[in-house]
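Engineer: With the sequence up front, the predicted model follows.
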Amino acid sequence: MRIDVLTLFPAMFDGPMTESMMVKAQQQGLLELHLHQIRDYSNDKHRAVDDTPYGGGGGMVLKPDVLVTAIEAVTAQQADIPVILMSPQGRLFSHKIAQELAQYDRMVIVCGHYEGIDERVRQLAVTDEISIGDYVLTGGELAAMVVIDATLRHVPGLLGADGAEERDSHADGLLEGPHYTRPVVFRGLPVPQVLQEGNHAQIEHWRHVQALRRTWRNRPDLLRKANLSDDDRYLLAQFAQEDASKY
Ligand code: ADE
């Protein structure tokens with residue numbers, strides 16, 4: 001997958017994109033990352049990229065001429081490349097959207113800054129707008145890196161062939177349950193017996209119950225959308241009863 005990122009702060013990508021899995025992805029040819037300095041597309045003698053907003057109000061707005069020229073320059077060879085604007089006004093990023101984006105072989109990510117971008121950039125050159133959460137960051141760079149990382153996990157090959165991403169939290173609508181490794185007892189806390197015994201059907205069942213319990217405790221909102229069986233509903237009622245009997 002080729003990703004072109006338009007940013008005022010390309011150096012922010014050093015580190016997250018030059019370590020660990022993102023390096024592996026680039027070495028394996030699964031990710032081709034191109035960082036473009038938005039300022040390079042300004043034709044102003046001071047290389048200005050922003051201006052004051054019409055109608056007043058605080059802050060500065062990214063200029064449409066600079067951004068649209070930058071986007072057109074990186075999409076010039078191919079017409080149908082998705083252009084994703086990172087912004088707190090976008091649709092909320094999720095496991096599902098990461099899977100969706102992983103289908104593309106190219107995309108452009110635009111990192112906004114300041115108070116925002118001139119609306120005409122959206123109208124003329126942006127095809128999608130994504131937020132990573134209901135809070136406002138100082139710019140779209142961190143959000144872009146989150147999207148790139150989560151999307152790459154769904155590109156076949158990155159995680160090997162064991163399908164680890166399909167066991168992730170959120171893959172089936174539930175959070176993942178607990179994991180353990182050696183030692184078998186750590187500071188008096190043992191690894192649950194069922195994991196030590198190696199009965200795969202029992203382990204699967206135990207993991208599912210744990211996932212359900214963790215989701216119920218930490219993200220009950222997810223249970224409304226999850227695909228629950230009658231057994232799951234029975235377990236949820238049990239969790240609630242156990243909880244009530246504690247007090
Ligand atoms: N830019 C600023 N805040 C953001 C957010 N929550 N998601 C994506 N881009 C952003």
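Structural biologist: Received it, and whenever you're ready, just let me know what you need. Computed from a prediction, not measured in an experiment: that's the story for all the values here.
Engineer: tell me which residues in stretch 51-64 are buried?
Structural biologist: Using 16 or more other C-beta atoms under 10 Å as the test for burial, stretch 51-64 gives V61, L62, K63, P64. To be clear about C-beta, it is placed using only N, CA and C from the backbone, and glycine gets the same treatment.
Engineer: so which of these comes closest to Q37?
Structural biologist: L62 (13.4 Å; C-beta to C-beta).
Engineer: In this structure the closest one contacts I117, no?
Structural biologist: Yes: using C-beta atoms under 8 Å, L62 is in contact with I117, at 4.3 Å.
Engineer: following the longest helix along the chain, which helix or strand comes up?
Structural biologist: Ranked by residue count, the top helix of the chain under DSSP state H comes out as helix 200-218. Going down the chain from helix 200-218, the next helix or strand is helix 220-223, by DSSP states H and E.
Engineer: who touches the longest helix of the chain?
Structural biologist: 174-178, 192, 194-195, 222-223, 226, 232, 235-236, 239 (C-beta atoms under 8 Å, 6 or more residues apart in numbering).
Engineer: Could you rerun that using 10 Å?
Structural biologist: Contacts to helix 200-218, defined as C-beta atoms under 10 Å, 6 or more residues apart in numbering, come from residues 167, 169-170, 172-179, 192-197, 199, 221-223, 226, 228-229, 231-233, 235-236, 238-240, 242-243.
Engineer: Could you do stretch 126-134 as well?
Structural biologist: 67-68, 71, 80-94, 97, 100-101, 107-110, 112, 117, 122, 137, 140, 142-147, 150.
Engineer: Just the endpoints, please. Distance across it?
Structural biologist: 21 Å (C-alpha to C-alpha, to the nearest Å).
Engineer: List the buried residues for that stretch?
Structural biologist: Here stretch 126-134 shows V126, E129, I130, S131, I132 as buried, counting by 16+ other C-beta under 10 Å.
Engineer: what about that stretch and the ligand, any contact?
Structural biologist: Yes: applying C-beta under 6 Å from any ligand atom, one finds stretch 126-134 in contact with the ligand at S131, I132, G133.
Engineer: would you list every one of the helices in the protein?
Structural biologist: With DSSP H as the criterion, the chain has helices spanning 20-27, 64-74, 95-101, 119-125, 141-152, 193-197, 200-218, 220-223, 230-245.
Engineer: what bridges to L33?
Structural biologist: I3 (DSSP bridges).
Engineer: Which of the buried residues of stretch 51-64 fall in strands?
Structural biologist: Taking DSSP state E as the definition of strands, the buried residues of stretch 51-64 contribute V61, L62.
Engineer: and which of the buried residues of stretch 51-64 is nearest to D14?
Structural biologist: Of these, the one sitting nearest to D14 (C-beta to C-beta) turns out to be L62, at 22.6 Å.
Engineer: Sort out which residues of stretch 216-224 are buried, please.
Structural biologist: Neighbour counts using 16+ other C-beta under 10 Å place W216, L223 of stretch 216-224 among the buried residues.
Engineer: any idea how far it is from the chain center?
Structural biologist: In terms of C-alpha atoms, centre = their mean, to the nearest Å, the centre of stretch 216-224 is set 20 Å apart from its chain centre.
Engineer: what residues are up against the most centrally placed residue in the chain?
Structural biologist: When C-alpha atoms, centre = their mean is applied to the chain, the residue found nearest the centroid is V147 (3.6 Å). Contacts of V147 were listed using C-beta under 10 Å, 6+ apart, and they are I3, I84, M86, F93, I97, A98, L101, M107, I109, I130, I132, G140.
Engineer: Mind giving me the PyMOL select for the residues you listed, buried ones only?
Structural biologist: A single PyMOL command suffices to select whichever of the contacts of V147 are buried according to 16+ other C-beta under 10 Å:
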select buried, resi 3+84+86+93+97+98+101+107+109+130+132+140
